[in-house]
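Colleague: Got a sequence here, can you model it:
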Amino acid sequence: DLESALAFRAKQSHSCYDAALATDPTLKGNVTISVRVASNGQVCSASVARNDMGSSDVAQCVANKFMQTGVLPAPAGGCVDATVPMNFVPGNPAAAGGSQLTSDQIESVVRAHQSGLKRTCFERIATDNTGTVQVSVNATIGGNGQVQNASASGSDPTIAKCVEDAVRGWQFPATGATSQAQIPFKFVR
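Modeller: Down below sits the predicted model:
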């Protein structure tokens, strides 16, 4: 959804701040970006609405990241104006030695959800003619363990979308660092 896509872009915009920390390790503050998204998901504009960080270069870089987004999920109800507040502080957990999720941690969460996922996304959606369905989910998991972004593809697009939506709500162990995970699923009737 649009909110998740904007949150993901906000996370990516931290690269602007991280680059500025190299020259000023005490830099910190809040930046709020106003983003206008057209009914087709195209970002029409992104501008700095508030900047108490003291670095107009970082704030403008962040706004530019939102303009470079490309197409976002189309907002419900047409054109939307969104405000994205961000807090930048040095020593974020990922930079201070947080670790990525291990494959065992990821597999543990997948196992905990697998039977419910099969009931919800495969058994309820699949037809009698549906054989084996394979789905692959690419997920970005924040340092707090929440899924920040997920996209799925597979042999049945409806089941893949259901799996993607389910994974977005999963909670992984908090590690202090952002992790990428590719999670394969195979459903057999």
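Colleague: Distance-wise, check the spatially closest residue to residue 25 that is not a sequence neighbour relative to residue 51.
Modeller: Of all residues not flanking residue 25 in the chain, residue 90 sits nearest, at 6.0 Å (C-beta to C-beta, 6 or more residues apart in numbering). All C-beta spots, glycine's among them, are computed from the backbone N, C-alpha and C. Distance, residue 90 to residue 51, by C-beta to C-beta, to the nearest Å: 17 Å.
Colleague: of these two, who's got more company?
Modeller: residue 51 (18 against 14; other C-beta atoms under 10 Å).
Colleague: Which strand residues bridge the more buried one?
Modeller: Here residue 51 sits in beta bridges with residue 31, going by DSSP bridges.
Colleague: Could you report the pLDDT at it?
Modeller: At residue 51, the model reports a pLDDT of 94.
Colleague: got the contact list for it?
Modeller: By C-beta atoms under 8 Å, 6 or more residues apart in numbering, the contact list for residue 51 reads 29, 30, 31, 32, 59.
Colleague: Please pick the buried ones from those residues.
Modeller: Buried members of the contacts of residue 51, scored by 16 or more other C-beta atoms under 10 Å, are 29, 31, 32, 59.
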